[in-house]
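Trainee: okay, here's the prediction I keep looking at, along with the sequence it came from:
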Amino acid sequence: MGSYNKKMLDAAVAFNFDDLIVLPGLAQVEPKDISIGTRFTKNIALGVPFVSSPMDTVTESAMAIALARRGGVGVIHRNCSLEEELNMVRAVKRAESFIIRNVILISRNSTVGEASTIMLENHISGLPVVEAGKLVGILTSRDVRANDPVNRVEQAMTKDVITAHEDVTETEAINLMRSNRIEKLPVVGSDGTFRGLITYKDIITRGKYQHALRDKDGRLVVAAAVSPFDLERAKALSKDADALIVDVAHFHNSAVIAATKKIIKETGREIIIGNLGTKKGVLDSVSALDSVAALRMGIGSGSICITTEVTRAGSPTLFAVSQAADALEELGSDIPIIADGGIKNSGDIALAFVFGASSVMMGQVFAGCEESPSPKTRIEDKYYKVHRGMGSAAARAKRAIVDRYADSGGKNIEEGIEILVPFRGRVDDAVDELVGGLRAAIGYAGATDIREMRNASVALVRTPAHKDGIRLKGNK
Ligand code: IMP
């Protein structure tokens, strides 16, 4: 053999989704009996293994609500002010709890017109009237319609309010509301202090989503993205969000790790870290931090990502997941791994599980859904939605996200682009499609759940003909 450069000979083979195929194994159960429950973080279990990306064309409250109702989870993006992000998190938390705690209130001295504006802006149909912490009345949209906007709330509100105590059960609450023909039931302490609100609509909605992902108070689970360098935002969000993601393009960075250490210490919430791409990155980060809730793996593979073109740096998602799995094995740790970037369909998801992922984060797949924040546009006879990288010029123009990508000292370097993705209907339909495909994939591999997929074997897809064949059938 001639002489070859060692670094080149030793170069790792960094496979990604289109390079490998899962080999069929002995199936012992029917796909419908395959379990796809998994872990998002150390303490949050998921009914379906899908997470939506913290991107401003993907996850705001509507997406997070829709996903949590199906057993997945949304990560609210951070390309906005703290107040806006907090409001989005709270909207998810308010969506359908049994007792709503973050209730919007009104004072008796406000006008009916002011109350009406608050109701319209927040899509609510009733406001408890509270003075010095005590419930003094309730104002419903019916009262608003029946009164002049200049009237004071005190003149329009119902004063004899039917209330419940905090230990009220769901059945008791329903009976109270039915027998009194009311749709809102304020919850008060024994001294009359206002504690929360139960609504009939929420109880009905909760019944419809039996498999929703809920916290201990029955509220939908939601995560939120934060910059490592914004401790105040992290502290504020940690009161409402169930988990936080320290959201940077390159987590393996001394300053980022040091700042995250502070966030972990001061918030007391589960903190997910990423993005990471290498075994060394995971080893360094996990050993420097007191507690890591999950690892977000993959650099440069996103559908809207041009990091690898601009920098020739990156770690393909599947390879990054395998690197994390190796690192965790060495550490004897079972921190859940989230595969992030470039996932197009259920086949890619199945492959991510083979290499050790517990869940997958998707931007493009969910950007195309009705519940994503970007507007639907029509071109000829087809509908599309915009999906953009958080390092794209358009996203960076909002300024709130600029620190996700390193400041290289010169001109602002773009690491993302804007694309149009075909409109694919509601999140519910996308989840159904992914679940069906995923169950079939797990069945083919001869596994019965996500964890067992780790035992599946893979083969390299070499021939262009074979690859095209798979593409034609599988990819959208
Ligand atoms: P997708 O599912 O292929 O659309 O990839 C989504 C992922 O791409 C996100 O979860 C981020 O990790 C990553 N990402 C978001 N914005 C950018 C960007 O501007 N450049 C590179 N990667 C990005």
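Mentor: Nice, I can see it. Residues are numbered from 1 along each chain as shown.
Trainee: which bits of the stretch 351-476 of the chain sit near the ligand?
Mentor: 361-364, 389-392, 415-416 (CB under 6 Å from any ligand atom). Just so you know, the C-beta spots here come from the backbone N, C-alpha and C atoms, and that holds for glycine as well.
Trainee: one more: the chain?
Mentor: 53, 55, 275, 302-305, 307, 340-343, 361-364, 389-392, 415-416.
Trainee: tell me which of those fall in strands.
Mentor: 275, 340, 361-362 (DSSP state E).
Trainee: tell me the most packed of those, by neighbour count.
Mentor: Sorting these by how many neighbours each has (other CB atoms under 10 Å) puts Met361 first, at 33 neighbours.
Trainee: which residues does that one bridge with?
Mentor: Counting by DSSP bridges, Met361 forms beta bridges with Val51, Asp340.
Trainee: one step back: which of the ones in strands among the residues of the chain next to the ligand lies closest to Val92?
Mentor: Nearest to Val92 among those: Met361, at 17.1 Å, using CB to CB.
Trainee: quick one: neighbours of the residue in the stretch 1-150 of the chain positioned nearest to the ligand, just the number.
Mentor: Sorted by distance to the ligand under CB to the nearest ligand atom, the residues of the stretch 1-150 of the chain start with Ser53, at 3.3 Å. Ser53 has 30 neighbours, counted by other CB under 10 Å.
Trainee: and the longest helix seen in the chain, what does it pack against?
Mentor: Under DSSP state H, the helix in the chain containing the largest number of residues is helix 427-444. Identification of packing neighbours for helix 427-444 by 3 or more CB pairs under 8 Å, 6 or more residues apart in numbering; DSSP states H and E yields helix 61-69, helix 346-354, helix 364-367.
Trainee: which of the three states applies to Lys398?
Mentor: coil (DSSP: H, G, I helix; E, B strand; the rest coil).
Trainee: what's the neighbour count on it?
Mentor: 13.
Trainee: now it: how far from the ligand?
Mentor: Distance check for Lys398 against the ligand: by CB to the nearest ligand atom, to the nearest Å, it reads 13 Å.
Trainee: give me the pLDDT for the closest residue to that residue other than its chain neighbours.
Mentor: Closest residue to Lys398 apart from its sequence neighbours, by CB to CB, 6 or more residues apart in numbering: Asn79 at 5.2 Å. You'll see Asn79 listed with a pLDDT of 96.
Trainee: confirm for me that Asn79 is in contact with Ala394.
Mentor: No: with contacts counted by CB atoms under 8 Å, Asn79 stays clear of Ala394, the gap being 10.2 Å.
Trainee: now do the helices in the stretch 101-250 of the chain.
Mentor: With DSSP state H, counting those that start in this stretch as the criterion, the stretch 101-250 of the chain has helices at 112-122, 141-146, 153-156, 170-179, 200-208, 231-238.
Trainee: what comes up buried for the last one?
Mentor: Within helix 231-238, the residues that qualify as buried are 231, 233-238, counting by 16 or more other CB atoms under 10 Å.
Trainee: I'd like the residues you listed laid out as CSV, including pLDDT.
Mentor: What follows is those, written out as CSV (pLDDT from 0 to 100):
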residue, pLDDT
Leu231, 97
Arg233, 98
Ala234, 98
Lys235, 98
Ala236, 98
Leu237, 98
Ser238, 97
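Trainee: so who does the residue in the stretch 151-300 of the chain positioned nearest to the ligand touch?
Mentor: Nearest residue of the stretch 151-300 of the chain to the ligand, counting by CB to the nearest ligand atom: Asn275, 5.5 Å away. Asn275 makes contact with 248-251, 296-299, 320, 340-341, according to CB atoms under 8 Å, 6 or more residues apart in numbering.
Trainee: show me what the residue most central in space within the chain is bridged to.
Mentor: For the chain, the residue nearest the mean C-alpha position is Gly74 (1.5 Å; CA atoms, centre = their mean). Beta-bridge partners for Gly74, by DSSP bridges, are Ser52.
Trainee: of the buried residues of helix 231-238, closest to Asn43?
Mentor: The closest of these, once distances to Asn43 are taken by CB to CB, is Ser238, at 14.1 Å.
Trainee: does Leu135 touch Val188 like I think?
Mentor: Yes: Leu135 lies in contact with Val188 (CB under 8 Å); the separation is 5.4 Å.
Trainee: shared neighbours of those two, anything?
Mentor: Joint contacts of Leu135 and Val188 (CB under 8 Å, 6+ apart) are 163, 194.
Trainee: more crowded one of these two?
Mentor: Remark: of Leu135 and Val188, Leu135 carries more neighbours, 21 against 18, as counted by other CB under 10 Å.
Trainee: about what we covered before: now the longest helix of the chain - C-alpha only, PDB.
Mentor: Extracted in PDB, the C-alpha atoms of helix 427-444 (Å, rounded to 0.1, in the frame of the first residue of the first chain):
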ATOM      1  CA  VAL A 427     -51.000  18.300  13.300                       C
ATOM      2  CA  ASP A 428     -53.500  15.500  14.200                       C
ATOM      3  CA  ASP A 429     -53.200  14.100  10.600                       C
ATOM      4  CA  ALA A 430     -49.400  14.500  10.500                       C
ATOM      5  CA  VAL A 431     -49.100  12.700  13.900                       C
ATOM      6  CA  ASP A 432     -51.500   9.900  12.700                       C
ATOM      7  CA  GLU A 433     -49.400   9.400   9.500                       C
ATOM      8  CA  LEU A 434     -46.100   9.400  11.400                       C
ATOM      9  CA  VAL A 435     -47.500   7.000  14.100                       C
ATOM     10  CA  GLY A 436     -48.800   4.600  11.400                       C
ATOM     11  CA  GLY A 437     -45.500   4.600   9.600                       C
ATOM     12  CA  LEU A 438     -43.400   4.300  12.700                       C
ATOM     13  CA  ARG A 439     -45.400   1.300  14.000                       C
ATOM     14  CA  ALA A 440     -44.900  -0.400  10.700                       C
ATOM     15  CA  ALA A 441     -41.200   0.400  10.800                       C
ATOM     16  CA  ILE A 442     -40.800  -1.000  14.300                       C
ATOM     17  CA  GLY A 443     -42.700  -4.100  13.200                       C
ATOM     18  CA  TYR A 444     -40.400  -4.700  10.200                       C
END
